[in-house]
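[1] I would like to see how this sequence folds:
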Amino acid sequence: MRVLIITGTGTEIGKTVVTAAIASLAVAAGRRVAVLKPAQAGLTPGELCDVEEAARLAGPITCSELARYPEPLAPATGARRSGLPPVHPQHAAEQATRLADSHDLVLIEGAGGLLVRYDPQGGTIADVPIALRALGVESTVLIITTAGLGTLNTTALTAEALRTRGLPLHGLVIGSWPAVPDLAARCNLTDLPAVANAPLLGALPERCAKHDRKAFLPMARASLAPELGGTWSHPAFLARHPEPDHI
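    Just a heads-up that it's a prediction; the model follows:
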């Protein structure tokens, strides 16, 4: 895994914290890591951008951001309303290729969900792996999803959109696992990989980004599967959060 594209089933679901967790484990293993955010939008005064937040939690990484828009909107809408240039998927692929020349791992964090538009032509983060392939760089996609009710449909749709484009799905990660999971969350531990036809590769505890770097690293290791550098086990997690008996 050299280039990993991190997308989601929606916005504010934990893409940045998962990106930081993967980066922190790779840095701890001695790998050179770059995090690329093609478009950032809607920061409040004093708020860290996503790549800065990843660096705060992960440690020494290369941060790259191609565009920043003032309003909290989809990148194409933010570009149109601000009069700033849009980011095309080709631009993101070219920058990722440059970063891959000098790094062991490049993480590309999308904005919102998989099919959020970046430019007036309808380019999305799903077009980035296609553009990368044309440049001779292979990549894979990780879907960040939610734990509770409603996640099965959005996860299935995202996975289906990847399959129809012939794009490899690395797996799923739950971006925020609740301290007290309800019935739907417990059932979804079994159902999510089934509807996506992809492995569940981790579950980050809710509010884990509130910790400092020293505390975040062991949390990341315990919350991500070996495929992402951690020790998390889906069967063991299921055993800790079993479905209750049927009424």
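
[2] which residues of this structure score low on pLDDT?
    Counting by pLDDT under 70, the chain has low-confidence residues at 1, 247.

[3] do that again at 90, thanks
    1, 44-46, 244-247 (pLDDT under 90).

[4] now the strands for it?
    Along the chain, counting by DSSP state E, strands occupy 3-8, 33-37, 40-41, 62-65, 68-69, 105-109, 140-145, 169-177, 200-205.

[5] Redo these as TSV? Include mean neighbour count.
    Where C-beta positions appear, they are placed from N, C-alpha and C, glycine not excepted. Putting the strands of the chain into TSV (neighbours: other CB atoms under 10 Å) gives the following:
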stretch	mean neighbour count
strand 3-8	24
strand 33-37	25
strand 40-41	20
strand 62-65	16
strand 68-69	20
strand 105-109	26
strand 140-145	24
strand 169-177	23
strand 200-205	24
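
[6] Any chance of JSON lines for those, columns distance to P75?
    As requested, the strands of the chain are exported to JSON lines (distance: least, CB to CB, whole Å):
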{"stretch": "strand 3-8", "distance to P75": "13"}
{"stretch": "strand 33-37", "distance to P75": "10"}
{"stretch": "strand 40-41", "distance to P75": "6"}
{"stretch": "strand 62-65", "distance to P75": "12"}
{"stretch": "strand 68-69", "distance to P75": "7"}
{"stretch": "strand 105-109", "distance to P75": "12"}
{"stretch": "strand 140-145", "distance to P75": "18"}
{"stretch": "strand 169-177", "distance to P75": "20"}
{"stretch": "strand 200-205", "distance to P75": "25"}
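
[7] Could you say which one of the ones you listed comes nearest to V116?
    strand 3-8 (8.9 Å; CB to CB).

[8] Now do that closest one against strand 140-145, angle only.
    20 degrees (axes from the mean of the first three to the mean of the last three CA atoms, to 10 degrees).

[9] outside of strand 3-8, which residues touch it?
    14-15, 18-19, 22, 96, 100, 105-110, 112-114, 125-126, 128-129, 132, 137-145, 158, 170, 175 (CB atoms under 8 Å, 6 or more residues apart in numbering).

[10] Perfect, I'm done here.
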